[in-house]
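**Student:** sequence plus the predicted model coming up.
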Amino acid sequence: MKKLIFLSGLISLLFLNQSCKKNKNEFSDCWTAPNKTQLKLTLLEGPTISLPSKVSIFFKVTDTNNNPVGYLKEDNFVIYERGINDSCPRVISAFEAKRKISGREQVFNHTTLLVLDLSGSVLQQSLQQVKDAANAFVQQIVPPLPDPSVSMGIYWFDGEDVLHELEPVTNSLVDLKDAINNINQNISNDNSTDLYGAVIKSSAKANSILAQYQALDVTAATSVVLFTDGEDRANRYPKQTAYDAVTNSPKEVSWFTLGVGNEINIPDLQKIGRNGFFQAASVAQLTNVFQQIAQVVNNEANSYYLFEYCSPIRNGSNNGLIIEAYDGNEVGFLQESFDATGFTGGCQL
């Protein structure tokens with residue numbers, strides 16, 4: 001009996017010891033680079049210092065396939081600092097440093113450009129299905145109540161050398177849906193398909209939107225979502241010119257393409273959709289596929305993070321800063337430095 005009690009106690013002690021080791025090592029006090037990083041944190045701005053001791057850093061999170069990683073919370077991030085007396089970057093607990101992720105509306109604007117193929121084949125064969133799918137897409141991207149950080153514009157193309165505006169960039173869900181519902185078979189005067197021209201002009205539109213926000217000192221990102229049921233027939237522009245327009249787009253512009261039917265040029269759409277190509281086997285699948293794209297676009301819009309915290313360091317012009325991100329078992333980090341000259345207590349977020 002005494003042996004059983006002893007063995008039971010020994011097993012419990014070993015289990016407790018292993019549990020403590022696991023908990024202690026979950027976020028080691030002395031940071032070392034992970035053996036494998038599945039997340040990528042791309043610095044966009046900062047670190048920015050606000051006295052008495054606030055540090056702000058703006059970054060984007062993607063996975064190994066460059067897919068956006070959205071909706072992370074404060075608990076998904078760990079802060080490490082290295083001051084003048086630290087031999088290694090040391091973890092900063094929430095008790096030592098208040099931290100928060102600011103709401104998206106305080107950080108930047110995300111604009112989606114929905115570009116629809118309204119050439120003859122669409123207008124004559126699948127217009128209602130396209131309108132239903134576009135409405136579902138818009139409803140999933142744009143909130144019912146206007147959000148100043150989320151906007152969308154709808155454009156369309158046929159065979160003309162024009163990117164037609166269906167609805168200018170707005171945050172009104174009602175206006176966007178009304179514009180879609182008002183599409184009719186008489187909207188186009190040219191049944192051909194100027195796909196490459198639409199890509200080139202969409203690129204210019206996306207770049208112009210970014211430039212407008214940059215002039216206002218507002219960080220912004222844009223997603224172009226292009227739908228077609230065929231390939232370029234107008235031959236107005238060289239294919240390579242369209243490819244170059246996508247390749248030369250700033251990293252803040254994401255490109256997604258959706259093709260339906262048997263007449264699409266898949267390599268073309270894969271090249272243009274550098275952030276994602278989606279295919280619907282039939283028009284009956286359009287709504288479901290548009291909703292899949294909407295999920296990716298929403299992740300894109302929510303993969304930008306303004307992380308702010310109150311540093312406990314009070315001195316030093318070249319202090320180390322590491323922000324480590326966790327999403328399930330995936331991990332990544334961002335390594336920077338900051339100047340703590342003049343830091344004092346009383347920091348508020």
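**Tutor:** Yes, it's here.
**Student:** pLDDT on stretch 117-136, on average?
**Tutor:** Averaging pLDDT along stretch 117-136 yields 96.
**Student:** buried stuff in it?
**Tutor:** Neighbour counts over stretch 117-136 (16 or more other Cβ atoms under 10 Å) mark 117-123, 126-127, 129-136 as buried. Backbone N, C-alpha and C define where each C-beta goes, glycine included.
**Student:** ranges for the strands of the stretch 201-349 of the chain?
**Tutor:** Taking DSSP state E, counting those that start in this stretch to define them, one finds strands in the stretch 201-349 of the chain at 219-228, 253-260, 276-280, 304-310, 319-327, 330-338.
**Student:** again, but for the stretch 1-150 of the chain
**Tutor:** Under DSSP E, counting those that start in this stretch, the stretch 1-150 of the chain gives strands at 39-50, 54-63, 77-82, 90-92, 99-101, 108-117, 150-157.
**Student:** count of neighbours near residue 299?
**Tutor:** Residues near residue 299, counting by other Cβ atoms under 10 Å, number 16.
**Student:** and it, what does it touch?
**Tutor:** Residue 299 sits next to 67-71 when contact means Cβ atoms under 8 Å, 6 or more residues apart in numbering.
**Student:** restricted to helices, list these.
**Tutor:** Among the contacts of residue 299, no member falls in helices (criterion: DSSP state H).
**Student:** please name the nearest non-neighbouring residue to residue 51.
**Tutor:** residue 342 (6.0 Å; Cβ to Cβ, 6 or more residues apart in numbering).
**Student:** so the one you found touches residue 313, yeah?
**Tutor:** No - with contact defined as Cβ atoms under 8 Å, residue 342 does not reach residue 313; the gap is 11.3 Å.
**Student:** more neighbours, those two?
**Tutor:** Higher neighbour count among residue 342 and residue 313: residue 313, with 21 against 11, using other Cβ under 10 Å.
**Student:** what count of nearby residues applies to the nearest residue to the more buried one once chain neighbours are set aside?
**Tutor:** Spatial nearest neighbour of residue 313, excluding adjacent residues (Cβ to Cβ, 6+ apart): residue 340 at 4.5 Å. For residue 340, the neighbour count with other Cβ under 10 Å is 20.
**Student:** equivalent analysis for residue 254, please.
**Tutor:** With other Cβ under 10 Å as criterion, residue 254 counts 24.
**Student:** got it, and the one 5 residues further on?
**Tutor:** Each residue near residue 259 was counted by other Cβ under 10 Å, and the total is 26.
**Student:** and residue 305, by the same measure?
**Tutor:** A total of 26 residues lie near residue 305 under the criterion other Cβ under 10 Å.
**Student:** is it true that it touches residue 56?
**Tutor:** No - in terms of Cβ under 8 Å, residue 305 does not count as a neighbour of residue 56; the distance is 10.7 Å.
**Student:** that older thread, next, give me the two most distant ones among the contacts of residue 299.
**Tutor:** Using Cβ to Cβ, the contacts of residue 299 span at most 13.2 Å, a distance reached by 67 and 71.
**Student:** pick out whichever of those two has more residues nearby.
**Tutor:** Per other Cβ under 10 Å, whichever of residue 67 and residue 71 has more neighbours is residue 67, with 14 against 11.
**Student:** contacting residues for that one?
**Tutor:** By Cβ under 8 Å, 6+ apart, the contact list for residue 67 reads 296, 299.
**Student:** how about residue 334?
**Tutor:** 41-43, 57, 59, 322-323, 325.
**Student:** which of those residues are buried? Put it as a ChimeraX command.
**Tutor:** Command for ChimeraX, covering only those of these found buried under the criterion 16+ other Cβ under 10 Å:
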select :41,57,59,322,323,325
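**Student:** just checking, residue 117 touches residue 193?
**Tutor:** Yes - Residue 117 lies in contact with residue 193 (Cβ under 8 Å); the separation is 6.5 Å.
**Student:** what is in contact with these two at once?
**Tutor:** 157-158, 228, 230.
**Student:** gap between residue 90 and residue 77?
**Tutor:** 16 Å (Cβ to Cβ, to the nearest Å).
**Student:** same question, residue 302
**Tutor:** For residue 302, the distance to residue 77 - Cβ to Cβ - is 15 Å.
**Student:** more neighbours: which of those two?
**Tutor:** Each of residue 302 and residue 77 has its neighbours counted (other Cβ under 10 Å); residue 77 has more, 20 against 16.
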